[in-house]
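Asker: I need the structure of the sequence given here:
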Amino acid sequence: MNYPRPPRNSQTLLGNITQMVQTIHANVNFSRLALRPNAKVPELWIQETENTPAKKYPLLGDRYLLGRSSQACDIVIRNPLISKIHLSVSKNTNKSKAPYVVKDENSANGIYNGKKQVFRLSLRHGDVLTLGPPALADTVKVRYVDPPAWYFQAFRYTVFGLSGLTALISLMILLEWTKFQVDPLPNPITGPVVVYARDGQTPLRPTYRNAHYELGRISKFSKYLPDAVIASEDSRFYWHFGVDPIGIIRAVLTNLRADGISQGGSTVTQQLARSIFRGYVGTEDSLGRKVREAIVSLKIEAFYSKNDVLLNYLNKVYLGLDLYGFEDASRFYFGKSAQDLTLSEAATLVGILPAPNTFNPVENYQLAIEKRDRVIYRMLSLGMIDQQEADRARRSRVDINPKAIQIFQGTIAPYYYSYVFSELEELLGEKFAREGNLIVQTALNPEIQTKAEISLKDAINNAGSYANFSQGAIVTIDSKNGEVIALTGGADYQQSQFNRATQAQRQPGSTFKVFAYTAALERGIPPTKIYSCSSMRWMGQTYGGCQRSGGNTNMYTGIALSENVVALRVAQQVGLGNVVRMAKRLGIKSKLDAVPGLILGQNEVNVLEITGAYGAIANRGVGNRPHTIRKIIDSSDCSDRDNIYTCRCIYSYNSDPKCETSKKDEANRQILKPQIADTMTQMLQGVVQNGTGSGAYVGLDEAGKTGTTNRGVDLWFVGYIPNKSMVTGIWLGNDDNSPTYSNSGQAAQLWGNYMKKVVGE
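Answerer: All right, here's what the predicted structure looks like:
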């Protein structure tokens, strides 16, 4: 149907009305708008040419027109590409969408968003529009600016970041999954921690080799064993996905409070992954290893049920010696199948999991029982057993297989052997050191070790019976390199596993005076300097005069006769702080207080560290950390499993290009000038030749120092034979700090008897 055209005058009238409305609307003077400080409103930023700055127009009303006409438009742009009325910006009636909408008002050259022409567009923060085709020169650019609140932006970017990070991590996991296969699960590369003497052929403990046994179903194990493992190692095993976020957070918080690594966050699945995918996961103690361990755990959990994972763990986890899986461990320690384990026995085996070479019930029965009771308590708290079962298990004695006892009793140098594992954990980290598959070459000299053990036992059995000392320790170090060639930490390892050479902190008595005299020599004070023998008062305490000489005496005589007041006057002249620093430089790691009593041996040290400190003086001022371990080899990473020389070397004390880690900073450090160390040696030789250490005489220019604490509680002699590069420290006393009826001359006598055997005199 055709409608008649309106008369011409009607069109004119309509045009006049429209023009009038537009003229009335165009009354916004943006130059006079003043916003409150910090007010946030949407804005249009208009850049008329590339070389002019953008003008900013706050949007406060409901509708704005932009164009070339100053009568019709709120925003006027004098540009030939712009129509008289080019576009409108209006508030959006749909409040759920963008607040403003731009609309093309039949412009000649259009509106473009990028290269796309738009006729209507909901404006969002950051949108940039070109008025006219973007290919043309001198186009006008319009930017819509309406940034959301900071908290909304932070939330949005956080969501975007987390989403991107999650996607990236997922991609990385999928890529890593292609590097290993979990179907079927491989057998672990099994091997114990084998510790050899310095010859690299004599094992300190006989290796236990037996057939490896596995049980086919969880139900074949004792009913207590799976529950004990879950209670002790991974109480959330049945709900996590291989990695336990709650356990990780708890471990991190616990370790932060403990200022060190005291708790791990590994699940049963992670422990299994570490054991059977050692080649992919790696052996270094690093974040990368933890990540790879988690990736393997996630894939294992994706392919296997929880019962399959637990069964593999029960059959493959490392339990010390050459034992992998609870069936092997049960046969070794108890002479029975894991199917027949009692609650007490199952809890005992689970209790040794964190450190199977340290917590084993043969060498450390009492410690193993403590660990057992913790597992039982945990099972009780989780409702896995009742109170009656728990009480019965705690009151049960654990009977050890005699064959296991025989294996452990065949250990050469048990105190030395136990300390090797402490040093191993310091070097590699606890978890790595406990996993097995390591070959450790030590510095132990079995012949000298035997002489040390026999000499100490003879002294305790003979002199100790009337002098009232029942324990002792001997440490012998090669002063050239710091290697511990012999170490015995007690009279009988079977009776007491407490290592008095490394674990016992004892007052060193006058053996500590050497640090005051060395500090004095370094400051240029000559050993011939004369000091008064009269009593003195220092820091509120009075100290008596010389006991073995009178008048005045020099440093030579003062140290030879162990005159306390002379050493105190030397330290007073040098400064207590300098004495402490000297002791630390030479290797004392124990806490030292800068008080006068420090000079007389008030602070506690252990035999190993003070022997190492004397070793630096014996080595003409060149220091080395006292160490038992020469080299560590990863026996799971060999090109030829039958040839250990093809295995990867992961640690060496001395610089070894074939090893991944060499402690170069600990080796051969020049601590003292050679002439200072030589002068100190001459002074210590006087102790043996003309002083309190005459019992240590061997006839090889030996040097050393005696030390006796109040009531003879601690008896010391630390000395060395310079041309033999051998320094030995000896302590005698009682574990309960009861007094002896002797003095340090007894320790010096033992030192002389022992060293005569060592040097063949």
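
Asker: How about the secondary structure of residue 440?
Answerer: strand (DSSP: H, G, I helix; E, B strand; the rest coil).

Asker: How about the contacts made by it?
Answerer: Contacts for residue 440 (Cβ atoms under 8 Å, 6 or more residues apart in numbering) come out as 193, 194, 195, 196, 420, 424, 629, 631, 632, 633. (Glycine included, C-beta is placed from N, CA and C.)

Asker: so it bridges to which residues?
Answerer: Applying DSSP bridges to residue 440 gives these bridge partners: residue 195, residue 632.

Asker: now residue 727
Answerer: Beta-bridge partners, per DSSP bridges, of residue 727: residue 477, residue 720.

Asker: that older thread, only whichever of the contacts of residue 440 are buried, select them in PyMOL.
Answerer: Remark: buried members of the contacts of residue 440, expressed as a PyMOL selection using 16 or more other Cβ atoms under 10 Å:
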select buried, resi 193+194+195+196+420+424+629+631+632+633
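
Asker: With respect to residue 333, which of the contacts of residue 440 is nearest?
Answerer: residue 193 (17.3 Å; Cβ to Cβ).

Asker: Return the set of buried residues in stretch 358-365.
Answerer: Quick answer for stretch 358-365 (16+ other Cβ under 10 Å): 358, 359, 360, 361, 362, 363, 364.

Asker: Regarding it, how distant is the last residue from the first?
Answerer: The separation between the terminal residues of stretch 358-365, taken as Cα to Cα, to the nearest Å, is 10 Å.

Asker: Contacts for it next, please.
Answerer: 320, 333, 348, 351-352, 367-369, 371, 398, 400, 404-405, 407-408, 414, 418, 421, 493, 497.

Asker: and these, which are buried?
Answerer: 320, 333, 348, 351-352, 367-369, 371, 398, 400, 404, 407-408, 414, 418, 421, 493, 497.

Asker: Restricted to helices, list those residues.
Answerer: Using DSSP state H, the members of the buried ones among the contacts of stretch 358-365 that fall in helices are 333, 348, 351, 367-369, 371, 404, 407-408, 414, 418, 421.

Asker: contacting residues around residue 450?
Answerer: Contacts of residue 450 by Cβ under 8 Å, 6+ apart: none found.

Asker: Tell me the spacing between it and residue 150.
Answerer: Using Cβ to Cβ, to the nearest Å, we find residue 450 at a distance of 75 Å from residue 150.

Asker: can you check residue 400 too?
Answerer: Applying Cβ to Cβ to residue 400 and residue 150 gives a distance of 67 Å.

Asker: now swap in residue 710 and tell me
Answerer: In terms of Cβ to Cβ, residue 710 sits 69 Å off from residue 150.

Asker: Which one of these two is surrounded by more residues?
Answerer: Neighbours were tallied for residue 710 and for residue 150 using other Cβ atoms under 10 Å; the higher tally belongs to residue 710 (11 against 8).

Asker: Residue 496 versus that one, what's the distance?
Answerer: Taking Cβ to Cβ, one finds residue 710 at 25 Å from residue 496.

Asker: and what of residue 146?
Answerer: For residue 146 relative to residue 496 (Cβ to Cβ), the value is 78 Å.

Asker: Quick check, residue 749 in contact with residue 696.
Answerer: Yes - at 7.3 Å, residue 749 counts as touching residue 696 under the criterion of Cβ atoms under 8 Å.

Asker: which of those two has more neighbours?
Answerer: Using other Cβ under 10 Å, the more surrounded residue of residue 749 and residue 696 is residue 696, with 29 against 20.

Asker: Identify the residues contacting the more buried one.
Answerer: With Cβ under 8 Å, 6+ apart, residue 696 has these contacts: 688, 702, 704, 717, 719, 748, 749, 751, 752, 755.
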